[in-house]
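Visitor: model the structure of this input:
(2 chains)
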Number of protein chains: 2
Amino acid sequence: MKSAVVTLFFVLLMSGSVFAADTPVAPNGIALFKNYRSWQLIAPSYREDKQHIRVILGNPAAVRAMKNKTRPMPDGAVLAKIAWTVKKHPQFPVATEPAEFAQVEFMVKDSVKYKATGGWGFARFVGPGLKPYGKNADFVQECFGCHTPVKGNDYLFTDYAAVP
Amino acid sequence: MKSAVVTLFFVLLMSGSVFAADTPVAPNGIALFKNYRSWQLIAPSYREDKQHIRVILGNPAAVRAMKNKTRPMPDGAVLAKIAWTVKKHPQFPVATEPAEFAQVEFMVKDSVKYKATGGWGFARFVGPGLKPYGKNADFVQECFGCHTPVKGNDYLFTDYAAVP
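Guide: Coordinates of the predicted model:
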């Protein structure tokens, strides 16, 4: 009995460390996507108000849909928007570059599961600790509200940054 | 004899169109890299003076070296810097986004072939027509001169934009 309790303790300890430290989860159940940093580029942007430089990356389904201008995006498409604070390059101050990681945000397409918010599930992970944003699942109303003006583009502000 | 001349004519015509229209070549012999747009992201930047938003992408050898902070970069590493002109998003003007493709620049590491310029071969292709930059191979002196202040970082201004 004692050894069973000890075993249970270690199982809980280990599973706890896996979910808490390795994979943060937003209050609506969306977990940080593994390996998103290696996804292909959709487009960069610069946020004057926040003093952020940002990129949107996409998983293969999202990149394909972006290149083909498919709207609405297909189920399974995931976009990751990474924001860094900015600094002027010390040896080339006309260039503004990433300083520190600020946050990463995800938009996950599932037209059934996220029907109430345009088919998109939202998540944000903040700072070096990737702290999930939002006290409860209602935080998505803030995300969805801000994206509503671009409903006609499947709630997306940004298109694919093309090259010839 | 006549048919041989006609054949030769068509061979030249076709090879000409392949090299001129499909693959522009810089005056130093560096051709535009195919498929560079799908390479992984190194970092974004914003150039206030040029009003450009830019990203540096890297081939697999370059991304690996960037993540590991390997300097000098290994032979075979290639960096592609894409610049777009900027526009303020019409429905969200605090966000500055890509407008039109401006140019793409490459840095190609070959410590033997490009020994005179720090082991880097340079190339730039400008505008929607991807016009090779430079009247002759001496154009690289302009590129190399600008990168000389960052000789201590293997002539690279930009490091990998990391995430936690």
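Visitor: would you mind listing the buried residues in the top strand by length along chain A?
Guide: Criterion DSSP state E: the longest strand present in chain A is strand A:92-109. Applying a neighbour-count criterion of 16 or more other C-beta atoms under 10 Å in any protein chain shown, one finds A:92, A:95-98, A:101-109 buried in strand A:92-109. Heads up, the C-betas are built off the backbone N, CA and C, glycines and all.
Visitor: quick one: list the elements packing against it.
Guide: Here strand A:92-109 touches strand A:52-58, strand A:78-89, strand A:120-126, strand B:40-47, going by 3 or more C-beta pairs under 8 Å, 6 or more residues apart in numbering or on different chains; DSSP states H and E.
Visitor: tabulate the ones you listed (TSV), appending distance to residue B:114 and mean pLDDT.
Guide: Supplementary listing: the helices and strands packed on strand A:92-109 in TSV, determined by distance: least, C-beta to C-beta, whole Å; pLDDT from 0 to 100:
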stretch	distance to residue B:114	mean pLDDT
strand A:52-58	29	98
strand A:78-89	24	97
strand A:120-126	41	98
strand B:40-47	20	98
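Visitor: how about these, which one is nearest residue A:36?
Guide: The closest of the helices and strands packed on strand A:92-109 to residue A:36 is strand A:78-89. By C-beta to C-beta, the value is 4.2 Å.
Visitor: adjacent strands (with direction) for the closest one?
Guide: Note on strand A:78-89: by DSSP bridges, its sheet partners are strand A:52-58 (antiparallel), strand A:92-109 (antiparallel).
Visitor: tilt between that strand and strand A:40-47?
Guide: Interaxial angle, strand A:78-89 versus strand A:40-47 (axes from the mean of the first three to the mean of the last three C-alpha atoms, to 10 degrees): 50 degrees.
Visitor: show residues contacting strand A:78-89.
Guide: Strand A:78-89 has contacts (C-beta atoms under 8 Å, 6 or more residues apart in numbering or on different chains) with A:33, A:36-37, A:39, A:42, A:46-47, A:50-59, A:61-62, A:94-109, A:156, B:46, B:157, B:161, B:163.
Visitor: next one: it to chain centre, how far?
Guide: 12 Å (C-alpha atoms, centre = their mean, to the nearest Å).
Visitor: got the angle for it vs strand A:120-126?
Guide: Using the same axes, to 10 degrees: strand A:78-89 against strand A:120-126 is 30 degrees.
Visitor: helices and strands of chain A: which one bottoms out on pLDDT?
Guide: helix A:2-17 (a mean of 50; mean pLDDT, DSSP states H and E).
Visitor: coming back round to it: for the helices and strands packed on strand A:92-109, which one sits closest to residue A:25?
Guide: Among the helices and strands packed on strand A:92-109, if distance is taken as C-beta to C-beta, the winner is strand A:120-126, at 8.4 Å.
Visitor: right, is the closest one up against chain B?
Guide: No. Strand A:120-126 is not in contact with chain B by C-beta under 8 Å from any C-beta of the partner chain; minimum separation 8.7 Å.
Visitor: sheet partners, orientation included, of that strand?
Guide: For strand A:120-126, pairing defined by DSSP bridges yields strand A:92-109 (antiparallel), strand A:131-132 (antiparallel).
Visitor: average pLDDT across the first one?
Guide: Over the span of strand A:92-109, the pLDDT mean works out to 97.
Visitor: got it, and the last one?
Guide: The predicted model assigns strand A:131-132 a mean pLDDT of 98.
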